[in-house]
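In: missing the sequence, but the structure's below:
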């Protein structure tokens, strides 16, 4: 399995920026595709963005053009650069690792809180 630790959350005013980090450790990290999810107050967990090991990225429509996912050179850190933040981006953000050979095998981080005030 992969262990994930998120960091970088905080409080920011609308229009501001934050960069989240997800540090991954474990065996054969190149076999895991990485994603960010979030869960807002009173809402279910929703997909935000993903990056596979070839570097291909996907985004939820709600964050396209504002958020950018990337990975470090050593492929053991994934970042989520969040610009033009809106109050509706307020949520707990979770890092997810999914094994590329069986998508039912995955790991979650503990989450990092992002709060955007208007």
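Out: Perfect, thanks for sending it. Because the structure is a prediction, the values reported are computed rather than measured.
In: who's in contact with residue 27?
Out: The contact partners of residue 27, taken as C-beta atoms under 8 Å, 6 or more residues apart in numbering, are residue 2. No exception for glycine: its C-beta is placed from N, CA and C like everyone else's.
In: now the phi/psi pair for it, please.
Out: When quoted as degrees, to the nearest 10, the phi and psi of residue 27 stand at phi -90, psi 130.
In: ok, it to residue 49 distance?
Out: Applying C-beta to C-beta, to the nearest Å, the value for residue 27 to residue 49 is 24 Å.
In: ditto for residue 3
Out: 21 Å.
In: show me where the protein has strands.
Out: Listed in chain order, the strands of the chain (DSSP state E) span 2-7, 10-13, 18-26, 32-39, 45-51, 57-59, 67-71, 77-82, 91-99, 106-108, 112-117.
In: buried residues in stretch 74-82?
Out: For stretch 74-82, a neighbour-count test (16 or more other C-beta atoms under 10 Å) marks 76-80, 82 as buried.
In: which of those sits closest to residue 18?
Out: Among the buried residues of stretch 74-82, residue 82 lies closest to residue 18 (C-beta to C-beta), at 5.0 Å.
In: quick one: contacts for that closest one?
Out: Residue 82 sits next to 17-20, 63, 66-67, 89, 114 when contact means C-beta under 8 Å, 6+ apart.
In: name the nearest residue to the most centrally placed residue in the chain, ignoring sequence neighbours.
Out: Centre of the chain computed as the mean C-alpha position; nearest residue by C-alpha atoms, centre = their mean is residue 36, 2.6 Å away. Using C-beta to C-beta, 6 or more residues apart in numbering and skipping residues adjacent in sequence, the residue nearest residue 36 is residue 48, 4.3 Å away.
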